[in-house]
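Enquirer: Predicted model, plus sequence, below.
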Amino acid sequence: MTATVVLPEVPSLGGLYARGAGLSLARRVRPGPTTLPDVDYVVRGVRASAEHLTGYQHLLGESASDALPAGFVHVLAFPVATALMVRPDFPLPLVGLVHLANRVTQLRPLALDDVLDVRATSADLRPHRSGTQVDLVTEVSADGAVAWRGVSTYLARGVHLAGSVDEPSASFVPPTPTGRWKLDGDVGRRYAAVSGDRNPIHLSALSAKALGFPRAIAHGMYTASRALADVGAQRGDAFEWSAEFVKPVLLPGTVTVRVARAADGFTFAGWDARSGKPHLTGSVTPLR
Amino acid sequence: MAQTTPTPTLQVRPAYVLGGNRIPFARAGGPYVRASNQDMLTAAIDGLVARYGLQGERIGEVAAGAVLKHSKDFNLTREAVLGSALSAETPAYDVQQACATGLETVVSLSNKIRLGQLESAIAGGVDSTSDAPIAVSNRLRRALLDLSRAKTVGQKLAAVSKIRPKDLAPSAPNTGEPRTHLSMGEHQALTTAQWEISQAAQDEVALASHQRLAAAYDSGFFDDLVTPFRSLTRDANLRADSSLEKLAKLKPAFGLGLDTPATMTAGNSTPLSDGASTVLLGSAEWAAEHDLVPLASVVDAEAGAVDFVHSDDGLLMAPAFAVPRLLARNGLTLDDLDYVEIHEAFAATVLTTLAAWESEEFGRTRLGLDGAFGTVDRAKLNVHGSSLAAGHPFAATGGRIIATISKELHRRKAESGSDRPVRALVSVCAAGGLGLTAILEAA
């Protein structure tokens, strides 16, 4: 039977990273478990603050309405999933995990005054061509009904479990652009300030170098949320928003983007105009 | 069955363009480098006052605007009126619709005249890219506002401590679209590539613009439309000796990163400019009382907008949609027009608009017509040159076009001596995917 751990409040990511770093170090010496813990983490009575919401909306280019952007709900809820990832019986090390993809289903809009319940669990531990991937599933409810569900897929490079993979990487042909994101060197620090995600790879060239990146990289969710903001109000109240993070965006940097109407909603892509290599691709599909 | 109250029929009367006045348009950093928007707008109004004997006159209303506007200029038009020779009892208001600002002032004021709310009006626009506002960064602005609200020393120190050295860098205005961060030229380059417009075709439009504007100056056409300012007597951007050879040698400026050839150069794009324009509007009665001859009536107008953010259409393509609606409402086709004025934001803007109208597919799928919307006879197009030659001080362009084409309409009508209506279409594209179009008829 699934165990439930109720936390008194949404934990701070900083503390979780510190704990995760210790555990990741230990993992190098002694391999961890090979299955996911059968546990849900729950935080009840979560409220957003207006100042936090406005800061997020201004940074991402959302209209500063009282509706919570789907990416903001992720910011509120995801630390609960992170708490689960730093349990000693979680099979993958937190440090070095790569955010591969993110899929959010917003069933109805959440607003500033809603009192939110967050439930996080992990699922589908599976092999990937360069390691092992896992889904962190977060559900946010208000008034007892789920309004928002996020599935964040993470990869642990070099951690191999039994099983085979067959995932040819799709080739990317840069389409006609519709816009451009000029990302300053401090975008990682600014998104860290609104998301609480102060992973050193996002904060400065120095701290990113220590972890093997030539410069700081943008948060994947920052880029996906910019794309969602570019789709704008036409996404409607209920939609599925998915993004695949292909290649990190080095900061400062320029991402050429296309956000365009498709048959059943919108597709988006961000790429490096010089190399033609994609940073992210995704879609926003209204639910009818 | 429900009783319906009959709607009283609205009485409208014609609103006329009675004249216009502008200062020559300068290139950014040129002779108007220290002139403010208020300086130039006042000069253009005073030139109009002198030309039409309006000293001390209480005009019904003056509407004007600027695209690049200082926050201190919240009442720019009223301040210009107060500084002008008009009666200080002349009301005024500011308008801002990007590059359509000038035309929108003409449309809204002439509608007020048509409704009988006004007897006379002055429409106008001004822009300076030389004296553009420089803003402080958002972070510095927030810190300074927090500081001004702080009551205790602790709060003040906290506000000041948020300021970082890089926050002190000023932010200058640019022509980038706020939602896409592409410049207007980059947006047009995408549309230019989509419609496969060649550099040669664009250079031909640019050359015709220079040649026609130069010919109009040489023939004295602008003698009663332009008042010299700061020693400038003609538009500084005008190159009467331009040639296709010279234009072809210019290096592409936009569309360099696309996988199609870059075709847009400084020669077939408008330069950043400084300048101001005004248009005198009035009822037939007011014109008669003031011994003024109506030049043309403002018949109708239609605004449009496109969703360029999600790649439905090019940024500057809104007029391609607004014009077919405008003409249909008035029972007209392109063939019923004697003149077509399409603002030359870029030569390619004119050509992509014409290409869309000539496209069977665009007509069917985007305009909902049976086929192509139609073809514009190039001999009717921008007959006295347009923005490529004159320059384009954003909000001043509408007034330049309206005054020029109204005079031309009146000239043609008088020359023909017949009752056949002589009509002009005016089309202006604007930032934000906007477009504004209007029909004028010779009086």
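Expert: Arrived safely.
Enquirer: if I pick residue B:128, what's in contact with it?
Expert: B:32, B:35-37, B:40, B:66, B:68, B:274, B:393 (CB atoms under 8 Å, 6 or more residues apart in numbering or on different chains). To be clear about C-beta, it is placed using only N, CA and C from the backbone, and glycine gets the same treatment.
Enquirer: please redo it, this time with the cut-off set to 6 Å
Expert: Neighbouring residues of residue B:128 by CB atoms under 6 Å, 6 or more residues apart in numbering or on different chains: B:37, B:274.
Enquirer: Residues touching stretch A:258-269, excluding its own?
Expert: The contact list for stretch A:258-269, computed with CB under 6 Å, 6+ apart, reads A:175, A:177-178, A:227, A:230-231, A:281-286, B:310-311.
Enquirer: What is the lowest-pLDDT residue among these?
Expert: pLDDT across those is lowest for residue B:311, at 82.
Enquirer: neighbours of that residue, just the number please.
Expert: Per other CB atoms under 10 Å in any protein chain shown, the neighbour tally for residue B:311 reads 20.
Enquirer: For it, give its distance to residue B:356.
Expert: Noted for residue B:311: a distance of 15 Å to residue B:356, by CB to CB, to the nearest Å.
Enquirer: repeat for residue A:75
Expert: From residue A:75 to residue B:356 the distance is 43 Å (CB to CB).
Enquirer: Which parts of chain A are helices?
Expert: A:13-29, A:50-60, A:70-85, A:187-195, A:205-210, A:220-231 (DSSP state H).
Enquirer: Can you name the residues that contact residue A:174?
Expert: Residue A:174 is in contact with A:271, A:276, counting by CB under 6 Å, 6+ apart.
Enquirer: what residue ranges in chain A are flagged as low confidence?
Expert: Counting by pLDDT under 70, chain A shows low-confidence ranges at A:27-32, A:162-169.
Enquirer: quick check: domain ranges of it?
Expert: A:1-168, A:170-288 (automatic domain parsing).
Enquirer: Let's have those in TSV, adding distance to residue B:206.
Expert: Output for these, formatted as TSV (distance: least, CB to CB, whole Å):
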stretch	distance to residue B:206
domain A:1-168	36
domain A:170-288	25
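Enquirer: Quick check: which of these is buried the most?
Expert: Ranked by mean neighbour count, the domains of chain A are led by domain A:170-288 with a mean of 19 (mean count of other CB atoms under 10 Å in any protein chain shown).
Enquirer: roughly how far is it from the heart of the chain?
Expert: In terms of CA atoms, centre = their mean, to the nearest Å, the centre of domain A:170-288 is found 11 Å from the chain centre.
Enquirer: try stretch B:184-198
Expert: 21 Å.
Enquirer: Put the alpha carbons of that stretch into PDB.
Expert: The C-alpha coordinates for stretch B:184-198 follow below in PDB (Å, rounded to 0.1, in the frame of the first residue of the first chain):
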ATOM      1  CA  MET B 184      10.300  45.800 -37.500                       C
ATOM      2  CA  GLY B 185      12.800  45.200 -40.300                       C
ATOM      3  CA  GLU B 186      13.400  41.600 -39.200                       C
ATOM      4  CA  HIS B 187       9.600  41.100 -39.200                       C
ATOM      5  CA  GLN B 188       9.200  42.600 -42.600                       C
ATOM      6  CA  ALA B 189      12.100  40.400 -43.800                       C
ATOM      7  CA  LEU B 190      10.200  37.300 -42.900                       C
ATOM      8  CA  THR B 191       7.100  38.600 -44.800                       C
ATOM      9  CA  THR B 192       9.400  39.600 -47.700                       C
ATOM     10  CA  ALA B 193      10.800  36.100 -47.900                       C
ATOM     11  CA  GLN B 194       7.400  34.600 -47.600                       C
ATOM     12  CA  TRP B 195       6.100  36.500 -50.600                       C
ATOM     13  CA  GLU B 196       9.500  36.100 -52.500                       C
ATOM     14  CA  ILE B 197      10.000  39.800 -53.200                       C
ATOM     15  CA  SER B 198      13.300  40.600 -54.900                       C
END
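Enquirer: the strands in chain B, which residues?
Expert: With DSSP state E as the criterion, chain B has strands at B:16-22, B:26-27, B:61-64, B:92-94, B:120-128, B:252-254, B:264-265, B:273-282, B:296-305, B:339-342, B:423-430, B:434-442.
Enquirer: I should have written chain A there, sorry.
Expert: Under DSSP E, chain A gives strands at A:3-7, A:39-46, A:98-106, A:116-128, A:131-142, A:145-157, A:179-183, A:239-245, A:253-262, A:265-271, A:278-286.
Enquirer: At the contact with chain A, which residues of chain B appear?
Expert: Within chain B, the residues that sit near chain A (CB under 6 Å from any CB of the partner chain) are B:180-182, B:257, B:310-311.
Enquirer: Tell me the one of those residues nearest chain A?
Expert: Closest approach between the residues of chain B next to chain A and chain A, by CB to the nearest CB: residue B:180, at 3.3 Å.
Enquirer: gap between residue A:143 and residue A:114?
Expert: Distance of residue A:143 to residue A:114, given as CB to CB: 8 Å.
Enquirer: Give me the neighbour count for residue B:375.
Expert: 11.
Enquirer: Give me the nearest residue to it, chain neighbours excluded.
Expert: Distances taken as CB to CB, 6 or more residues apart in numbering or on different chains put residue B:358 closest to residue B:375, at 5.5 Å, once the chain neighbours are dropped.
Enquirer: thought the one you found was touching residue B:371?
Expert: No - taking contacts as CB atoms under 6 Å, residue B:358 lies outside contact range of residue B:371: 10.2 Å.
Enquirer: Nearest residue to the middle of chain A?
Expert: Nearest residue to the geometric centre of chain A (CA atoms, centre = their mean): residue A:221, 4.7 Å.
Enquirer: Would you quantify the distance from it to residue B:199?
Expert: Residue A:221 is 43 Å from residue B:199, by CB to CB.
Enquirer: Kindly report the same for residue B:184.
Expert: In this view, residue B:184 and residue B:199 are 18 Å apart by CB to CB.
Enquirer: So which of the two has more stuff around it?
Expert: In this view residue B:184 and residue B:199 are compared by other CB under 10 Å, and residue B:184 has more residues nearby, 24 against 21.
Enquirer: Next one, pLDDT for the more buried one please.
Expert: Value for residue B:184, per-residue pLDDT: 95.
Enquirer: How about the one 3 residues further on?
Expert: At residue B:187 the predicted local distance difference test score is 96.
Enquirer: Residue A:145 pairs with what?
Expert: For residue A:145, the beta-bridge partners are residue A:142 (DSSP bridges).
Enquirer: can you check residue B:254 too?
Expert: residue B:264.
Enquirer: which ones are touching it?
Expert: Residue B:254 makes contact with B:185-186, B:189, B:264, according to CB under 6 Å, 6+ apart.
Enquirer: distance of it from residue A:57?
Expert: Distance from residue B:254 to residue A:57, by CB to CB: 32 Å.
Enquirer: next one: residue B:204
Expert: According to CB to CB, residue B:204 stands 47 Å off from residue A:57.
Enquirer: Good, we can wrap up now.
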